[in-house]
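compute the structure for the input listed below.
(one chain, ligands or ions: 1)
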Amino acid sequence: MDHSAGQQDFAECSRDDFRMAMRKLIGGVALICTHSDNRPYGMTATAVCSVSADPPTLLVCLNRKGSTCSAVSESGAFSVNLLGPENVELASTFASAPADLQDRFSVGEWTMLKTGAPILQNSSASFDCEVVEELDSGSHRIFIGQVRAVSRSQDDKALGYFAGGFVIPAQLLQAPA
Ligand SMILES: Cc1cc2nc3c(=O)[nH]c(=O)nc-3n(C[C@H](O)[C@H](O)[C@H](O)COP(=O)(O)O)c2cc1C
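As a prediction, the model looks like this:
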């Protein structure tokens, strides 16, 4: 096999090498939210992964220094709200640091399902989860959540993040069933 053809850079993996290579991974953009101490918390995240369909389980990875991470640990519940193309402003708002974190929730229409975590009404899909396991790894905490309730929109739309910017998928191609 000719390994010179693709003009790849091979390097040992520094923090920056890792970050630059991970920019090549396209990720769905979500808002991870919770309710703790009588107020809502929430942040933008791409580190969301399906774990199991039986029982319905997913995981999210949150920076331990962030306010949302501590709030999820305290409340024992979180929501995952998958965003669509019309939610770019929300994605930016929930990733930046306002003077008052509650201001993040002044954008969007919010409701609740079972756990009390804030659920975005016009999300592409929302999962209301109870934390069943927490695991620290490096700077982040992995929360495994069992889904107690779900909602989804009728149309297939998504907002992605790739190469440092938001992307809107233009074409759905056939994949194995
Ligand atoms: C597109 C995008 C994806 C992000 N994904 C994550 C993520 O998966 N996990 C994480 O801890 N932070 C992620 N962040 C950063 C947080 O959204 C950001 O640090 C936020 O201010 C944290 O809020 P908090 O400190 O109130 O919890 C992401 C930011 C952007 C713009």
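
so which residues on the protein come close to the ligand?
29, 43-47, 61-63, 66-68, 95, 97, 101, 161 (CB under 6 Å from any ligand atom). No exception for glycine: its C-beta is placed from N, CA and C like everyone else's.

show me the shaky parts of the chain.
1-7, 99, 101-102 (pLDDT under 70).

show me the strands in it, by range?
27-28, 30-36, 39-45, 48-53, 56-63, 77-82, 110-111, 119-120, 125-137, 140-152, 160-162, 165-167 (DSSP state E).

would CSV of the ones you listed with mean neighbour count and distance to Ser14 be doable?
Formatted as CSV, those follow (neighbours: other CB atoms under 10 Å; distance: least, CB to CB, whole Å):
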stretch, mean neighbour count, distance to Ser14
strand 27-28, 16, 21
strand 30-36, 26, 28
strand 39-45, 21, 24
strand 48-53, 12, 25
strand 56-63, 19, 19
strand 77-82, 26, 31
strand 110-111, 12, 40
strand 119-120, 26, 36
strand 125-137, 17, 18
strand 140-152, 18, 18
strand 160-162, 17, 22
strand 165-167, 13, 23
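
distance to Cys13 added to the ones you listed, as JSON lines?
Listed next are the strands of the chain as JSON lines, based on distance: least, CB to CB, whole Å:
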{"stretch": "strand 27-28", "distance to Cys13": "19"}
{"stretch": "strand 30-36", "distance to Cys13": "26"}
{"stretch": "strand 39-45", "distance to Cys13": "23"}
{"stretch": "strand 48-53", "distance to Cys13": "21"}
{"stretch": "strand 56-63", "distance to Cys13": "18"}
{"stretch": "strand 77-82", "distance to Cys13": "29"}
{"stretch": "strand 110-111", "distance to Cys13": "40"}
{"stretch": "strand 119-120", "distance to Cys13": "35"}
{"stretch": "strand 125-137", "distance to Cys13": "16"}
{"stretch": "strand 140-152", "distance to Cys13": "17"}
{"stretch": "strand 160-162", "distance to Cys13": "20"}
{"stretch": "strand 165-167", "distance to Cys13": "24"}
